[in-house]
Structures are given as structure tokens and as C-alpha cells.
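Asker: From the sequence below, what's the structure:
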Amino acid sequence: MKSLKQLLSAKGSHVHFIHPGAKVIEALQLMAQKDIGALLVMDGARVVGIMSERDYARKVILHGKSSQDIAVRDIMTSGVVTVDPSKTVEDCMSLMTQRRIRHLPVCEADKLVGIVSIGDLVKEVIAEQEQTIKQLESYIHS
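Answerer: Numbering: from 1, shown residues only. Sure, this is the predicted structure:
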């Protein structure tokens, strides 16, 4: 199975992020513009949290608050789970299932090198399965 380092080299390592002091509305606008479901919250080069659409729905909308008045730091999920780029796609799928998370920042020696989503991992598993099927079909037909 592929490592995250290999996956990120194919996918790209660009990460969208926001500062903890930014307003939630700014984060929502950026997520809509980039068509993503979560943003890393960065204080300089340090990952301090993640803000997802789920955080917004549960901590702003359900409480009748305004996204224009609240800072990202007030609704972000802190204590972000990160993984090393040497981990496999399978390792990450297991971790994400256990922790009930959809996004995993990838850090090497405390330096952010990318992020993977559950969608990225599922896409990779499907691609690997399709390759295995093609190899088996080729073997059977030869």
C-alpha cells in the first residue's frame, strides 16, 4: 500500500489555512472559494487547530451565533491529530475511522508537509483495487 509521502507527491502538498484570529465568515468564504470542507488553523508555522463545516454547524448555527462576530479560535477543533508521511493509506484510514475525523495533516519533524482527506484515501484504495483487478484479468487471459 502507498505511503502518504507517495500520495502527496502525486496529489500535491498545498494546504489551505487560516489564522485563529480570523472571523468565521472569512474561513467559510475561503472554504467555499476553494471547494473544501475544512481549513487548518495555523499560528505561524504551527498547526493549532482545524475548522470544518461540522464545527461551524454545531458551534455557530445550532447556537444561533453569527459567523461575522466569532473568531475561528472559538470554534476550531484543537488537539489536531497529525501523521508522519511514512504512514500508509491503510494506517490513515484506520486512524480516521477510530478517531471519527475526515482530515489528517501530515507533518514531518513538526513541519506541515500536506493534508489528506478521507476522500483522498478512498480514491487511492479504489485505484489500487482497480490495478489489482487489471493484473488478475491479464493473468487469467494469458
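
Asker: contacts, neighbours, all on C-alpha from now
Answerer: Fine.

Asker: and C107, how many residues sit next to it?
Answerer: Per other CA atoms under 10 Å, the neighbour tally for C107 reads 17.

Asker: Do I have it right that it meets S86?
Answerer: No - applying CA atoms under 8 Å as the test, C107 and S86 come out as separate, 10.0 Å apart.

Asker: show me where the protein has strands.
Answerer: Taking DSSP state E as the criterion, the chain carries its strands at 17-18, 38-43, 46-52, 103-108, 111-117.

Asker: so who does S86 touch?
Answerer: Contact analysis of S86 by CA atoms under 8 Å, 6 or more residues apart in numbering lists S3, L4, K5.

Asker: Would you mind putting the strands of the chain into TSV with mean pLDDT and distance to V125 alongside?
Answerer: Formatted as TSV, the strands of the chain follow (pLDDT from 0 to 100; distance: least, CA to CA, whole Å):
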stretch	mean pLDDT	distance to V125
strand 17-18	96	27
strand 38-43	96	22
strand 46-52	95	24
strand 103-108	94	16
strand 111-117	93	13
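
Asker: I'd like the ones you listed laid out as a markdown table, including distance to V60.
Answerer: Below are the strands of the chain laid out as a markdown table (distance: least, CA to CA, whole Å):
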| stretch | distance to V60 |
| --- | --- |
| strand 17-18 | 18 |
| strand 38-43 | 15 |
| strand 46-52 | 12 |
| strand 103-108 | 20 |
| strand 111-117 | 23 |
